[in-house]
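[1] Test case, fold it:
(chains A and B)
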Amino acid sequence: MLNILRSQSFNRFVIGSFSWLVALLVFFPIFWMILTSFKTEIDAFATPPTLFFTPTLENYTLINERSDYFHFAWNSVVTSVGSTIIGMMIAVPAAYSMAFFETKRTKSTLLWMLSTKMLPPVGVLVPIYLLFKDFALLDTKIGLVIIFTMINLPIMVWMTYTYFKEIPKEVLEAGRMDGASFLQEIFKILLPMSKGGLAATVLLSLIFSWNEAFWSLNLTASEAAPLSALVASYSSPEGLFWAKLSAVSTLACAPILIFGWACQKQLVRGLSFGAVK
Amino acid sequence: MSNLTIKNLRKSYGPVEILKGIDLEILDKEFVVFVGPSGCGKSTLLRTIAGLEEASSGNILLDEKDITKAAPAKRDLAMVFQSYALYPHMTVRENMSFALKLAKVDKAEIESKVNEAAKILKLDSLLDRKPKALSGGQRQRVAIGRSIVRKPKIFLFDEPLSNLDAALRVNMRLELSRLHQDLKATMLYVTHDQVEAMTLADKVVILNNGIIEQVGSPLELYEKPKNMFVAGFMGMPKMSFLEVTVFSSGDEGLTLEFVNGVKITLARTDLKLNKGERLTLGIRPEHISLCDTQDSDFNVTLDISEQLGSESFAYLKTDAGEALTVRVDGEQKLPAFQSRLGLVINPEKCHLFNAQSLAI
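    As a prediction, this is how the structure comes out:
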């Protein structure tokens, strides 16, 4: 008996330490980034790296002088929120029809949508770039909203579909019998019932759009450039830039990190919804 | 008033035809039960009436008005689902007032209607709870409450009791019966349980394979089944069927011969049948009695017996291998397995079926 208890607590210790190790490993780059952002360029470049140094805010002041942080941040907010709203407006009806009016091709449609995520984006860079040029969408917020919507839509539809699938069809039918119109059925029954899952989908889409770099870098220059483009502009082929780059990265990540942290309960519940049923 | 008329209703899913031409008349204030084995189309019929399934052809008339193509919301029907289908994000009160809110009924009126329904269904103390905090029976009552606040023309019930445990089911059955009397409403009820059909219905509709086999009052179906399917479906345990051939037929009655050579004479002077014609004789468990082997020519072997206390059922095998069920008084001691017994069949209670399985 005592042996079993001992081996159980030992197991718990091993699993606990391992989890902490993984967590620290994942967090380390962020920690290092924040640390470096308070170093001087010389300290940042030093090998072996210095762990104890006099913190300075000079990088942040410099960035504030050199570029308009809020211009980029505003672009990030507009493009990620805009693409998420439009994405949800398309994903909800799409998932509704696939979840509740399934045909024999629904499964393959879903799979096809997901398969577009497997294509390397660079494969379609040239056609998309040319299209954007022809439609005068280069370096515009609308252009970025369109591209973010399209890259996130498969995941959004897939997630929403999974949450809708959990809802018994009879509840919607009961609503129909109670006299609910199509829109009332959606807004008064379906959406409130799946709000946990929908919130997770919205959060994920916001995070993905905010962090997106490939298309932001290639399709914007200055006018519509979001924070990820600002970060990239601080890397240069020569000279010392690690500290400044870390500072600007910290500034770019901070809003979404704080946002994600504030919503983590909602996010975890949404993402594990259905997994335990 | 709420009279429902169904004319030649058909429903197919692709090449599979579920309802093969249903004609039915449902009168005001009737409690009609659709009963049949699973897959017979009874639920589809109810859902088509509700408008949740689209009819492939045929018409549904409610008070002379064609509602075949109307949206479910426009039919003025209420439905209680097997899974209750309550709105999980709403309290009991909100669940029950949802339909009235959609219909933009005055707030004070909603309040009084919900309270009235809650009182009838003994839900007063639960009005502010969410469905997940209720037991199965309470949920079912909320589902019923949700439909009665609307005062619909017809109530539709889709196997509402099958998710409840046995004791609760009996209780709810009685409550439904009382509710029907109190509300004086037209109710359509789907079940596969023929006890529910017998106890609740004014009119039973027996479905099989997408067609109506017979419509009638419960006792009518029990006593005068039109065919072997209805005869076998109604009654628990089932009616026993034995092969017989006509020995003689005429003014002195109809004499039939069982496979084992034993003869029985029925007072059926109305039938003129040829000698040697093959028929099926149906007899219910309560119309056979057991005796010692020397008191009857018809001898059988006891296969299995079930004792229920108030009554017992003896499952017997004839020498030809045909199965028979006999009801015995609960106090009577049943002999051991495999023992030989004599059989007395009440000739007045025999049902006869021809080669097409139709009652004659």
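[2] Show the contacting residues for B:Pro192.
    One correction, residue B:192 is His, not Pro. Taking Cβ atoms under 8 Å, 6 or more residues apart in numbering or on different chains as the criterion, B:His192 is in contact with B:35-38, B:42, B:159, B:162. To be clear about C-beta, it is placed using only N, CA and C from the backbone, and glycine gets the same treatment.
[3] Write out the residues of the stretch 101-250 of chain B neighbouring chain A.
    Proximity of the stretch 101-250 of chain B to chain A (Cβ under 8 Å from any Cβ of the partner chain) is limited to residues B:102-103, B:146, B:150.
[4] The residue in the stretch 151-300 of chain B positioned nearest to chain A pairs with what?
    Among all residues of the stretch 151-300 of chain B, B:Leu156 sits closest to chain A, at 8.1 Å; criterion: Cβ to the nearest Cβ. According to DSSP bridges, the partner residues bridging B:Leu156 are B:Met79, B:Leu188.
[5] wait, it sits on B:Leu188?
    Yes - in this structure B:Leu156 lies within contact range of B:Leu188 using Cβ atoms under 8 Å: 5.1 Å.
[6] what touches both of the two?
    Counting by Cβ under 8 Å, 6+ apart, the residues touching both B:Leu156 and B:Leu188 are B:46, B:49.
[7] Can you report how many residues neighbour B:Asn209?
    For B:Asn209, the count of nearby residues is 15 (other Cβ atoms under 10 Å in any protein chain shown).
[8] out of everything not next to it in sequence, what's closest to it?
    Nearest-residue entry for B:Asn209: B:Cys40, 6.2 Å, with adjacent residues in sequence omitted and distances by Cβ to Cβ, 6 or more residues apart in numbering or on different chains.
[9] Spell out the secondary structure type for the one you found.
    Under the three-state scheme (DSSP: H, G, I helix; E, B strand; the rest coil), B:Cys40 adopts coil.
[10] Okay, it and chain A: tell me how far apart.
    Summarising the geometry, the distance separating B:Cys40 from chain A, computed by Cβ to the nearest Cβ, to the nearest Å, is 20 Å.
[11] List the contacts of that residue.
    With contact taken as Cβ under 8 Å, 6+ apart, B:Cys40 is in contact with B:207-210.
[12] As TSV, these with pLDDT and secondary structure would be great.
    Rendered in TSV, the data for these read as follows (pLDDT from 0 to 100; DSSP: H, G, I helix; E, B strand; the rest coil):
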residue	pLDDT	secondary structure
B:Leu207	94	strand
B:Asn208	94	strand
B:Asn209	93	coil
B:Gly210	93	coil
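[13] Need phi/psi at B:Asp23.
    Here the main-chain torsion angles of B:Asp23 (degrees, to the nearest 10) amount to phi -120, psi 130.
[14] Am I right that it is in contact with B:Asn8?
    Yes - under the criterion of Cβ under 8 Å, B:Asp23 lies in contact with B:Asn8, with a separation of 6.1 Å.
[15] Report the buried residues of stretch A:87-94.
    Within stretch A:87-94, the residues scored as buried using 16 or more other Cβ atoms under 10 Å in any protein chain shown are A:87-88, A:91-92, A:94.
[16] Share the number of residues neighbouring the residue of the stretch 151-300 of chain B closest to chain A, please.
    Neighbourhood size, B:Leu156 [other Cβ under 10 Å]: 24.
[17] what residues are up against it?
    With contact taken as Cβ under 8 Å, 6+ apart, B:Leu156 is in contact with B:46, B:49-50, B:77-80, B:187-189.
[18] for A:Ser83, same thing?
    Going by Cβ under 8 Å, 6+ apart, A:Ser83 touches A:144-146, A:148-149, A:152, A:205, A:209.
[19] Closest to chain B out of those residues?
    Sorting the contacts of A:Ser83 by distance to chain B puts A:Ser205 at the head of the list, at 23.2 Å, by Cβ to the nearest Cβ.
[20] Could you check how many residues crowd around residue 262?
    Answering for chain A, as no chain was given. The local packing count at A:Ala262 equals 10, with neighbours defined by other Cβ under 10 Å.
[21] I was after chain B.
    Other residues lying near B:Val262 total 16 when counted by other Cβ under 10 Å.
[22] and B:Arg327, how far is that from B:Val246?
    As defined by Cβ to Cβ, to the nearest Å, B:Arg327 lies at a distance of 28 Å from B:Val246.
[23] same deal with B:Leu156?
    Spatial separation of B:Leu156 from B:Val246 under the definition Cβ to Cβ is 47 Å.
[24] what residues are up against the residue in the stretch 101-250 of chain B positioned nearest to chain A?
    In the stretch 101-250 of chain B, the residue found nearest to chain A is B:Leu102; the distance is 4.7 Å by Cβ to the nearest Cβ. Taking Cβ under 8 Å, 6+ apart, we find B:Leu102 in contact with A:178-180, A:184.
[25] Greatest separation within the residues of the stretch 101-250 of chain B next to chain A: which pair is it?
    The two members of those with the most space between them (Cβ to Cβ) are B:Ala103 and B:Arg146, at 13.2 Å.
[26] So for those two, which residue has more residues nearby?
    More crowded of B:Ala103 and B:Arg146, by other Cβ under 10 Å: B:Arg146, with 28 against 12.
[27] now the helices for the stretch 201-350 of chain B?
    Defined through DSSP state H, counting those that start in this stretch, the helices belonging to the stretch 201-350 of chain B, from first to last, are B:218-223, B:228-233.
[28] Please identify which of those helices is closest to A:Thr140.
    Closest to A:Thr140 of the helices of the stretch 201-350 of chain B is helix B:228-233 (Cβ to Cβ; 71.2 Å).
[29] which residues sit against stretch A:216-236?
    Counting by Cβ under 8 Å, 6+ apart, stretch A:216-236 makes contact with A:63, A:67, A:69, A:72-73, A:75-76, A:79-80, A:125, A:128-129, A:132, A:137-141, A:143-144, A:147, A:210-213, A:241, A:244-245, A:248-249, A:251-252, all of which sit outside it.
[30] can you rerun that using 7 Å?
    In this structure, residues lying in contact with stretch A:216-236 by Cβ atoms under 7 Å, 6 or more residues apart in numbering or on different chains are A:67, A:72-73, A:75-76, A:79, A:125, A:129, A:132, A:138-141, A:143-144, A:147, A:211-213, A:241, A:244-245, A:248-249, A:252.
[31] Select from the contacts of B:Cys40 the one having the most neighbours.
    Of the contacts of B:Cys40, with other Cβ under 10 Å as the count, B:Leu207 tops at 25 neighbours.
[32] Touching, it and B:Gly41? I think so.
    Yes - checked against Cβ atoms under 7 Å, the pair B:Leu207 and B:Gly41 is within contact range at 5.6 Å.
[33] which residues touch A:Leu267?
    For A:Leu267, the contacting residues are A:200, A:203, A:260, by Cβ under 7 Å, 6+ apart.
[34] Show me the helices in the stretch 101-250 of chain A, by range?
    Read by DSSP H, counting those that start in this stretch, the stretch 101-250 of chain A holds these helices, from start to end of the chain: A:106-115, A:125-134, A:141-165, A:169-177, A:182-184, A:191-193, A:195-211, A:214-219, A:227-233, A:242-262.
[35] So for the nearest residue to A:Trp158 once chain neighbours are set aside, what's the pLDDT?
    The shortest distance from A:Trp158 to any residue that is not its chain neighbour, by Cβ to Cβ, 6+ apart, is 5.9 Å, and that residue is A:Leu114. Among the per-residue scores, A:Leu114 holds a pLDDT of 88.
[36] Can you report how many residues lie near A:Leu114?
    A:Leu114 sits with 13 neighbouring residues when counted by other Cβ under 10 Å.
[37] Could I get the contacting residues of whichever residue of the stretch 1-150 of chain A sits closest to chain B?
    Ranked by Cβ to the nearest Cβ, the top residue of the stretch 1-150 of chain A for proximity to chain B is A:Lys104, at 10.3 Å. Applying Cβ under 7 Å, 6+ apart, one finds that A:Lys104 lies in contact with no residue.
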